[in-house]
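[1] Fold the following, please.
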Amino acid sequence: MRPRKRSSASPAVNPGEGSDRPDVILDVRFKQGLLYLALINISDVPAYRVSVRFEKKFRGLGGECEVSALRLFRCVEFLAPHK
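    Numbering: from 1, shown residues only. This is a model prediction of the structure:
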């Protein structure tokens, strides 16, 4: 699973160094035996129209929900800085 990020602005070259471009990551977290996905804007500026594409499909617990196809990953209109 290699998420790709796409935003209306180009990703920052040096995040945290006063850049005016957003830098968004998809973080995978493991807690109490479960995996969580967190879409995080790690920059000081807002990110607009963020979408994530996965190279391979994957399903959630029980196999019924195709997590990689959820609308959440298609277009997040706004991500506040550091959220």
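
[2] make it CA atoms for all contacts and neighbour counts henceforth
    Will do.

[3] just checking, next helix/strand downstream of the lowest-mean-pLDDT helix or strand in the chain?
    When each helix and strand of the chain is scored by mean pLDDT, DSSP states H and E, strand 4-6 comes last, with a mean of 48. Using DSSP states H and E, the helix or strand that follows strand 4-6 towards the C-terminus is strand 24-31.

[4] what helix or strand is the most far-flung residue of the chain relative to its centre on?
    Most distant residue from the mean C-alpha position of the chain: G62, 23.1 Å away (Cα atoms, centre = their mean). Per DSSP H and E, G62 falls between elements, in no helix or strand.

[5] Can you tell me the SS state at F78?
    strand (DSSP: H, G, I helix; E, B strand; the rest coil).

[6] pLDDT value on it, please?
    As predicted, F78 sits at a pLDDT of 95.

[7] Check C75 too.
    89.

[8] From what I see, it and V50 are in contact.
    Yes - in this structure C75 lies within contact range of V50 using Cα atoms under 8 Å: 5.4 Å.

[9] With neighbour numbers in mind, choose between the two.
    Taking neighbours as other Cα atoms under 10 Å, C75 and V50 compare with V50 leading, 22 against 14.

[10] Any idea what that one is bridged to?
    Applying DSSP bridges to V50 gives these bridge partners: V76.

[11] close enough to count as contact, it and F78?
    Yes - using Cα under 8 Å, V50 is in contact with F78, at 7.4 Å.

[12] Look up how far K57 lies from V24.
    For V24, the distance to K57 equals 21 Å [Cα to Cα, to the nearest Å].

[13] meant to ask about E66, not that
    Taking Cα to Cα, one finds E66 at 7 Å from K57.
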